[in-house]
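Asks: here's my sequence, what's the structure:
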Amino acid sequence: MTGAPAVEAEAAPNTDVVTRPDEDKVDWRDAALRLRADMENYHKRQQRWAESELLRSKSQLLTKLLEVVDLIERAGQHRGDSPDGAP
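Replies: Next comes the predicted model:
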């Protein structure tokens, strides 16, 4: 006779378990959607960073090249040459 109440006590948590997976499914879906949005935002942020780094690198390269061109022109003026190469 003591076995019957134990079965009833175990039956009650089973009803909770049946409703809980639906709640967990919603929680997992929300978490997955948030994670996907976070990854998309990360991708966009990295894309913007890469574009700005490329622009910065190009700017630095052009600045260095202009310095070299300027030095070449100054050296030509010092020798008495014209910048277009004509004596």
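Asks: separation between residue 51 and residue 57?
Replies: Distance, residue 51 to residue 57, using Cβ to Cβ, to the nearest Å: 11 Å. (C-beta placed from N, C-alpha, C; glycine too.)
Asks: quick one: the helices in this protein?
Replies: 3-79 (DSSP state H).
Asks: what stretches of it score poorly on pLDDT?
Replies: 1-24, 81-87 (pLDDT under 70).
Asks: now with 80?
Replies: Confidence mapping of the chain against pLDDT under 80 gives the ranges 1-26, 80-87.
Asks: restrict stretch 41-52 to CA atoms and write it as PDB.
Replies: Provided in PDB are the C-alpha atoms of stretch 41-52 (Å, rounded to 0.1, in the frame of the first residue of the first chain):
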ATOM      1  CA  ASN A  41      26.300  43.100 -36.000                       C
ATOM      2  CA  TYR A  42      29.800  41.700 -35.300                       C
ATOM      3  CA  HIS A  43      30.200  41.000 -39.000                       C
ATOM      4  CA  LYS A  44      29.000  44.500 -40.000                       C
ATOM      5  CA  ARG A  45      31.300  46.100 -37.400                       C
ATOM      6  CA  GLN A  46      34.300  44.100 -38.600                       C
ATOM      7  CA  GLN A  47      33.500  45.100 -42.200                       C
ATOM      8  CA  ARG A  48      33.400  48.800 -41.300                       C
ATOM      9  CA  TRP A  49      36.700  48.400 -39.400                       C
ATOM     10  CA  ALA A  50      38.400  46.700 -42.400                       C
ATOM     11  CA  GLU A  51      37.200  49.400 -44.700                       C
ATOM     12  CA  SER A  52      38.500  52.100 -42.400                       C
END
